[in-house]
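Trainee: What shape does this take:
(chains A and B)
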Amino acid sequence: MARAKISAPKGVSEYVPPRSRLFEFVRESLIAPARLAGYELMELPVFEDTELFKRGVGESTDVVSKEMYTFTDRGDRSITLRPEGTAGAMRAVIEHALDRGPLPVKLWYSGAFFRAERPQAGRYRQFYQVGIEAIGLDDPAIDAEVIAVADAGFKAIGLKKYRLEITSLGDAQSRAAHKVDLTKFISTLDLDEATSLRASMNPLRLFDDKRAQMRVVMSRAPLLMDYLSDASRRHFESVKTYLDALGVAYVLNPRMVRGLDYYTGTTFEFVHELLGSQSGIGGGGRYDGLMHELGGQELSGIGFGLGVDRALLAAEAEGVIALDGFASDLYIIPLGDAAMLRAMEIAMDLRKAGKSVEIAFGDRALKGAMKAADKSGVRFVVVIGDDEMLTSYVKLKNMSSGVTSSVKIASLADAL
RNA sequence: GUGGACGUAGCUCAGCUGGUAGAGCACCCGGUUGUGGUCCGGGAUGUCGCGGGUUCGAGCCCCGUCGUUCACCCCA
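Mentor: Okay, here's the model as predicted:
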């Protein structure tokens, strides 16, 4: 009498074996370069005071205005599942006074994020991101390092078919001057209702319009890049010089639009070529006013968020990762109850020595156990029965060559 | 949120103009006594996404709904 099935909520990404192996590999690959660069872990809540995102990310953004999972908790507080990582990171830095210590504060995180969007391949309501934040330093060198760390993560996965796009959003004065001219330009256009509404929220959005005729029209629009203050321009030039010297390839995209309000100055995106419509695999930039906006000191910062789900999709599209190569070192097949106990003892000892060891549980026939061992891709197999327990020697079988050799149980660890 | 496509065993799919479901792979057991990969034999599995409707009869037609997917939007 089967009960009605309960399925996962709409649009979530979840990973089970064997694909979870790839997910783990991708996530670890993205994190490793940050660890090597001295970034330290922060583990933050997935829900925050709704106000944090309204103030930090900006109420005019789509993310905040229509994509947040917001609810009222039992204490009548408005709570929101985090749609991105930077605002929460800044909140924690302020709350724990990390900004009162040595600068820059360098942090990394990894976890689930939530946006109530229409699901699509590569776009989920719960998705995974790895990110870093470097707070309290204005040096263009740190911009370049942050970008290089992200790039190294993608390279560690083996990705090749992606490009890094960079631009500078300049400082507040640069943007204000540009906005005046851009708004003037847009007012001369004949726009449909949805588009002019978007323009009124954030005129830069029109640069992101995918319709061919809009692209033509917008090709005549004034570019923010041409309004950069001297300081912003020098900073950005320096970032590019560092990237060139480090061999990090990039293309300039003066029309780049970011969906979060806090970005300033250096801004970048990683775009994959094989991913269709949801092609952004990572992005980030400077957010020089965010800390102050959230009630902290006036410290600048820069960071990125990389999409683990999308990076995995990209890796699969490029065919650069494989499911094999994740098997254990040894598979022990016990024959009988006494042998099972011995097998478990042997397994525990070997695991202490750092070997991965599995046991054939269940009362399967030897042939069935061998088949299971074979399918798991394990490197070695031993059978434990009366003889082995008596002599303390086992026949260690190499599963790829089929060759067996006699090994003393006590020296199995060395033989693996 | 808007528009299009799709939804059959664990997976990939077949099922002709409506007549109460199939293949391959995977899975389990066996091919005589303690060693896998090939081969052979046998076996289990589906409320044909769900709910209505039309019909003597629907996996095939209609409506709704849920889910997936593609594009828009947005972005990781």
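Trainee: close enough to count as contact, residue A:165 and residue A:253?
Mentor: Yes: because the distance of 4.0 Å satisfies C-beta atoms under 8 Å, residue A:165 is recorded as touching residue A:253. Just so you know, the C-beta spots here come from the backbone N, C-alpha and C atoms, and that holds for glycine as well.
Trainee: which residues do the two both contact?
Mentor: Here residue A:165 and residue A:253 have residue A:269 as joint contacts, going by C-beta atoms under 8 Å, 6 or more residues apart in numbering.
Trainee: burial of residue A:173, as a residue count?
Mentor: By the criterion of other C-beta atoms under 10 Å, residue A:173 has 13 neighbours.
Trainee: show me the contacts for it.
Mentor: residue A:229.
Trainee: Which residues of the stretch 101-250 of chain A lie near RNA strand B?
Mentor: With C-beta under 7 Å from any atom of the strand as the criterion, the stretch 101-250 of chain A comes near RNA strand B at residues A:115, A:117-124, A:127, A:129, A:198, A:205, A:208-211.
Trainee: how about a cut-off of 6 Å?
Mentor: Taking C-beta under 6 Å from any atom of the strand as the contact definition, the stretch 101-250 of chain A meets RNA strand B at A:115, A:117-121, A:123-124, A:127, A:129, A:198, A:205, A:208-210.
Trainee: Return the subset of those lying in helices.
Mentor: Residues from these lying in helices, with DSSP state H as the criterion: residue A:198.
Trainee: for the helix or strand containing residue A:148, packing partners?
Mentor: Under DSSP states H and E, the secondary-structure element containing residue A:148 is helix A:140-157. The criterion is 3 or more C-beta pairs under 8 Å, 6 or more residues apart in numbering; DSSP states H and E, and the helices and strands that helix A:140-157 contacts are helix A:19-36, strand A:126-135, strand A:162-168, helix A:230-246, strand A:264-272, strand A:280-286, strand A:301-307, helix A:308-318.
Trainee: Keeping just the C-alphas, turn it into CSV.
Mentor: Output for helix A:140-157, consisting of C-alpha atoms alone and laid out as CSV, is shown next (Å, rounded to 0.1, in the frame of the first residue of the first chain):
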residue,chain,number,x,y,z
PRO,A,140,44.1,47.5,-7.4
ALA,A,141,46.4,44.5,-6.7
ILE,A,142,43.8,42.9,-4.4
ASP,A,143,41.2,43.4,-7.2
ALA,A,144,43.5,41.4,-9.5
GLU,A,145,44.1,38.8,-6.9
VAL,A,146,40.5,38.2,-6.3
ILE,A,147,39.8,37.8,-10.0
ALA,A,148,42.8,35.5,-10.4
VAL,A,149,41.6,33.4,-7.5
ALA,A,150,38.3,32.9,-9.2
ASP,A,151,40.0,32.1,-12.5
ALA,A,152,42.2,29.6,-10.9
GLY,A,153,39.2,27.8,-9.5
PHE,A,154,37.6,27.4,-12.9
LYS,A,155,41.0,26.3,-14.3
ALA,A,156,41.3,23.7,-11.5
ILE,A,157,38.1,22.1,-12.7
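Trainee: In that helix, which residues are buried?
Mentor: Buried positions in helix A:140-157, judged by neighbour count with 16 or more other C-beta atoms under 10 Å: A:140, A:142-154, A:156-157.
Trainee: mind listing the strands for the stretch 301-416 of chain A?
Mentor: A:301-307, A:330-334, A:357-359, A:380-384, A:393-398, A:404-408 (DSSP state E, counting those that start in this stretch).
Trainee: still on that earlier bit, could I get the average pLDDT for the helix holding residue A:148?
Mentor: For helix A:140-157, mean pLDDT is 97.
Trainee: How far off centre is that helix?
Mentor: Taking C-alpha atoms, centre = their mean, to the nearest Å, the mean C-alpha location of helix A:140-157 is offset from the chain mean by 13 Å.
Trainee: residues near the residue in the stretch 251-400 of chain A positioned nearest to RNA strand B, how many?
Mentor: As assessed by C-beta to the nearest atom of the strand, RNA strand B sits closest to residue A:259 within the stretch 251-400 of chain A, at 1.1 Å. Residue A:259 has 18 neighbours, counted by other C-beta under 10 Å.
Trainee: element containing it, please.
Mentor: Under the criterion of DSSP H and E, residue A:259 resides outside all helices and strands.
Trainee: Contacts only, for it.
Mentor: For residue A:259, the residues meeting the contact criterion (C-beta under 8 Å, 6+ apart) are A:61-63.
Trainee: Just the C-alpha atoms of stretch A:37-57, please, in PDB.
Mentor: In PDB, the C-alpha atoms belonging to stretch A:37-57 read as follows (Å, rounded to 0.1, in the frame of the first residue of the first chain):
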ATOM      1  CA  ALA A  37      45.600  32.600  -0.900                       C
ATOM      2  CA  GLY A  38      45.000  32.900   2.800                       C
ATOM      3  CA  TYR A  39      41.300  33.300   2.800                       C
ATOM      4  CA  GLU A  40      39.600  31.900   5.900                       C
ATOM      5  CA  LEU A  41      36.200  30.200   6.300                       C
ATOM      6  CA  MET A  42      33.100  31.900   7.500                       C
ATOM      7  CA  GLU A  43      30.000  29.800   8.100                       C
ATOM      8  CA  LEU A  44      27.000  32.100   8.100                       C
ATOM      9  CA  PRO A  45      23.200  31.600   8.500                       C
ATOM     10  CA  VAL A  46      21.100  30.900   5.400                       C
ATOM     11  CA  PHE A  47      18.500  33.300   6.800                       C
ATOM     12  CA  GLU A  48      18.900  36.900   7.800                       C
ATOM     13  CA  ASP A  49      16.800  39.900   8.800                       C
ATOM     14  CA  THR A  50      15.000  40.900   5.600                       C
ATOM     15  CA  GLU A  51      16.200  44.500   6.100                       C
ATOM     16  CA  LEU A  52      19.800  43.400   5.500                       C
ATOM     17  CA  PHE A  53      19.100  42.600   1.900                       C
ATOM     18  CA  LYS A  54      16.800  45.500   1.300                       C
ATOM     19  CA  ARG A  55      19.600  47.900   2.400                       C
ATOM     20  CA  GLY A  56      22.600  45.900   1.200                       C
ATOM     21  CA  VAL A  57      21.500  44.600  -2.200                       C
END
